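>>> Show me how the following folds:
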Amino acid sequence: MKLTQLALALTTVLALTACGGGSDSPDTTTPPDTGSGGGDNGGGDNTASGPTISGKVIDGYVKGATVFVDINGNGQLDDGEPNGESTDAGDYKLELTDIDESVEECITFAPIVVDVPVGAIDENLGEVEEAYTMTLPPINEDAFDSANITPLTSILWETFQNDFALEDGNADPVLACEQLLNNNELISQFKDRMDQTLAKIVEDYNISQETIYSDFVDSGDTDAYNLAQKIVKGLKMSLAETKAITDESPNAVPLISYLKDGEDWVREEYIFTPASDTADGEWSDNARVSAKTQIVSDDFEQRFDVIYTYNRRSSFKTIGDASVEVAYFNETCNTADIFEYIANTDATETEKVEITNNDDSCIDIRSKRITVSHLTNQDQNLGESYTYTLRYDNDAGAFTQFDYMKDFQERKTELNIDSILADATSYEFSMSEEYDAATLLETFASVETRTRVMDGENLVDTQRVYTSPEGPTWRRKTTFPDGTSEVECKDIGETEWSECE
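Alright, predicted model coming up:
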């Protein structure tokens, strides 16, 4: 996920949560004896037929919580989203029989959210005194009858969610589902990204995948129970710190998480502050994203070294049907300033120009990347694009070409946008043409051409990259209607596609 999308993801945060009722202390012992775990693993009326999602709400077992499938990813229960209430032993059941057909296909890509209100009953800790939320990431249909929602699944979702937030349509489940289903590439990434996230959680917390989804109260898993209670403390602190930020800056949208990172516990902080609306032709004030990861003590009370930082500010302007964004960010030891122009913003077909000046002090590389895209479908990003990279002359202290294209955010009021666009598009490369690599690389550090098209029901993304004077390399990714994908490559001089090394 692009970090610009992270700012949008922050507006749909699902897990800024805290648990109430009982002690704050993470130093618990053996889980209370609950007998058989109770209930029929569904709770409520069991006479309805048709597909269902059922499981338990577990901190201890929680009765009186609202459970819903969050199809549009906004963390709120909206019309058209299946919902129910947890009963004895935390059991819940969501009936899918009457669900709108237009969102049915999105159920397996949607998180399940639990809102636990004040007055709900935690059968281990007593009456809930502070409202809180827990989340279960998207699940496969095979797990519909054992969809337990716990602090452990909430941590999994916190780690996973930032990569998968829809940019628009969050208020409307039907529109959000339509957007998702039109994005085959995003769908294809779900399983791989979930597998990677699960592997990280297993490694960081030293618990099995089975434990993450299990009823650890009924099983008497002391380690999992104690870990869950510690995570609960982090969730409570997250809510308190989030409230403090929004009290001080009402327009800010924060996400605070306490997570395990290797051997250390860390505090992750993301804060998004949107820009204000402006009249046509005027620059907005700055939208801001800040992020910081900091090592904390095992009880979360002390903060130590900052191990990651990211700060971005962006300004926007509309010029008739076109839009312009200028931005600057710094990320630990990397900085960049960015210019992006989109013609016919609301049209299906458009042209886009992106310019990025990057300065990576970690590896001591400076580059200017210019990408020109001719899109036939903005929603699916279909069309043809090319990217060329210009060298930086260290002796001259300047880029070899278009050195004036820089400091976009700082100089936004004096930019000659027409001149920038004319120069950026003065070079043009096409996938349909062959180029002499050696000649090409006398001027450019690299050149990439790319096509993204629908081939029947398959989405095909083909890239050709020139970085060697001997010739280009190729990569082709085919995404199938079910969301699975296949990646093939051709090395320099090869004519047949084969598995990528």
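>>> Which neighbouring elements make contact with the lengthiest helix in the chain?
For the chain, the helix with the greatest residue count under DSSP state H is helix 222-248. Here helix 222-248 touches strand 132-136, helix 151-161, helix 216-219, strand 253-261, going by 3 or more CB pairs under 8 Å, 6 or more residues apart in numbering; DSSP states H and E. Yep, even glycine has a C-beta here, placed from its N, CA and C like the rest.
>>> can you give me the helices for the chain?
Assigned by DSSP H, the chain shows helices spanning 3-10, 101-104, 151-161, 173-181, 184-205, 209-213, 216-219, 222-248, 417-424, 437-443.
>>> residue contacts, residue 360?
With contact taken as CB atoms under 8 Å, 6 or more residues apart in numbering, residue 360 is in contact with 333, 334, 366.
>>> Buried only: go through those residues for me.
residue 366 (16 or more other CB atoms under 10 Å).
>>> Export the contacts of residue 360 as CSV, with columns for pLDDT and distance to residue 428.
As requested, those are arranged in CSV below (pLDDT from 0 to 100; distance: CB to CB, whole Å):
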residue, pLDDT, distance to residue 428
333, 89, 34
334, 91, 29
366, 93, 24
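>>> neighbours around residue 486, how many?
By other CB atoms under 10 Å, 14 other residues sit near residue 486.
>>> What residues does the residue nearest to it when sequence neighbours are not counted make contact with?
Leaving aside its chain neighbours, residue 486 sits nearest to residue 478 (4.9 Å; criterion: CB to CB, 6 or more residues apart in numbering). Counting by CB under 8 Å, 6+ apart, residue 478 makes contact with 455, 458, 459, 460, 461, 485, 486, 487, 488.
>>> the longest strand in the protein is where?
strand 303-319 (DSSP state E).
>>> centre of the chain versus that one, how much separation?
16 Å (CA atoms, centre = their mean, to the nearest Å).
>>> CA-only coordinates of that strand, as PDB, when you get a sec.
Output in PDB follows, covering the C-alpha atoms of strand 303-319 (Å, rounded to 0.1, in the frame of the first residue of the first chain):
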ATOM      1  CA  ARG A 303       9.300   4.800  25.800                       C
ATOM      2  CA  PHE A 304      12.800   4.400  24.500                       C
ATOM      3  CA  ASP A 305      14.500   4.500  21.000                       C
ATOM      4  CA  VAL A 306      12.500   5.700  18.000                       C
ATOM      5  CA  ILE A 307      13.300   3.100  15.300                       C
ATOM      6  CA  TYR A 308      11.100   4.500  12.400                       C
ATOM      7  CA  THR A 309       9.700   7.800  11.400                       C
ATOM      8  CA  TYR A 310       7.600   9.100   8.500                       C
ATOM      9  CA  ASN A 311       6.200  12.600   7.900                       C
ATOM     10  CA  ARG A 312       4.400  13.800   4.900                       C
ATOM     11  CA  ARG A 313       2.700  17.100   3.900                       C
ATOM     12  CA  SER A 314       0.600  17.500   0.800                       C
ATOM     13  CA  SER A 315      -1.200  20.400  -0.900                       C
ATOM     14  CA  PHE A 316      -3.900  20.100  -3.600                       C
ATOM     15  CA  LYS A 317      -5.300  22.300  -6.300                       C
ATOM     16  CA  THR A 318      -8.100  21.800  -8.900                       C
ATOM     17  CA  ILE A 319      -7.800  23.500 -12.300                       C
END
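>>> For it, enumerate the helices and strands it packs against.
Packing partners of strand 303-319 (3+ CB pairs under 8 Å, 6+ apart): helix 3-10, strand 287-296, strand 322-331.
>>> Let me see the residues that make contact with the second one.
This means strand 287-296. Residues contacting strand 287-296 (CB under 8 Å, 6+ apart): 3, 6-7, 10, 258, 261, 264-275, 302-316, 329.
>>> Neighbours of residue 259, how many?
Around residue 259 there are 20 other residues, counting by other CB under 10 Å.
>>> swap in residue 319?
Residues near residue 319, counting by other CB under 10 Å, number 13.
>>> I'd like the numbering to begin with 36 instead of 1 from here.
Noted, 36 is the first residue going forward, which turns the last one into residue 354.
>>> I'd say it and residue 452 touch.
Yes - assessed by CB atoms under 8 Å, residue 354 is found in contact with residue 452 at 7.4 Å.
>>> got a list of what residue 384 touches?
By CB under 8 Å, 6+ apart, the contact list for residue 384 reads 410, 411, 412, 413, 418.
>>> just residue 146 next, same as before
Contacts for residue 146 (CB under 8 Å, 6+ apart) come out as 49, 104, 105, 108, 170, 171, 172, 173, 192, 196.
>>> so what's residue 315 up against?
Residues counted as contacts of residue 315 (CB under 8 Å, 6+ apart) are 353, 354, 355.
>>> With pLDDT and distance to residue 95 added, can I get the residues you listed in a markdown table?
Below are the contacts of residue 315 laid out as a markdown table (pLDDT from 0 to 100; distance: CB to CB, whole Å):
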| residue | pLDDT | distance to residue 95 |
| --- | --- | --- |
| 353 | 94 | 52 |
| 354 | 93 | 57 |
| 355 | 92 | 59 |
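>>> Of those, which is the nearest to residue 440?
Residue 440 lies nearest to residue 354 out of the contacts of residue 315, by CB to CB, at 18.0 Å.
>>> Look up which residues are beta-bridged to the closest one.
On the basis of DSSP bridges, residue 354 is bridged to residue 357.
>>> where's it relative to residue 437, distance?
According to CB to CB, to the nearest Å, residue 354 and residue 437 sit 21 Å apart.
>>> Could you list the domains of the protein?
Domain ranges of the chain: 38-278, 348-534, per automatic domain parsing.
>>> looking at the ones you listed, which is buried most?
domain 38-278 (a mean of 19; mean count of other CB atoms under 10 Å).
>>> Tell me if I'm right that residue 444 and residue 361 touch.
Yes - counting by CB under 8 Å, residue 444 does reach residue 361; the two are 4.8 Å apart.
>>> so what sits against both of the two?
Residues touching both residue 444 and residue 361 (CB under 8 Å, 6+ apart): 349, 350, 372, 373.
>>> Redo those residues as TSV? Include distance to residue 258.
Shown next, in TSV, are the shared contacts of residue 444 and residue 361 (distance: CB to CB, whole Å):
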residue	distance to residue 258
349	44
350	49
372	48
373	46
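>>> between those residues, which is nearest residue 177?
Nearest to residue 177 out of those is residue 349 (CB to CB; 41.9 Å).
>>> Name the nearest residue to the closest one, ignoring sequence neighbours.
Spatial nearest neighbour of residue 349, chain neighbours left out: residue 362 (4.0 Å); criterion: CB to CB, 6+ apart.
>>> which ones are touching the one you found?
Neighbouring residues of residue 362 by CB under 8 Å, 6+ apart: 39, 347, 348, 349, 350, 372, 373, 375, 443, 444.
>>> contacting residues around residue 342?
Going by CB under 8 Å, 6+ apart, residue 342 touches 296, 301, 328, 329, 330.
>>> ok, which pair from those is furthest apart?
Using CB to CB, those reach their maximum pairwise distance at 296 and 329, which is 10.3 Å.
>>> what's residue 310 in contact with, if anything?
Contact analysis of residue 310 by CB under 8 Å, 6+ apart lists 319, 320, 321, 322, 349, 350, 351.
>>> Tell me the one among the residues you listed nearest to residue 503.
Among the contacts of residue 310, and counting by CB to CB, the member closest to residue 503 is residue 349, at 35.3 Å.
>>> What score does the closest one have for pLDDT?
With respect to pLDDT, residue 349 scores 95.
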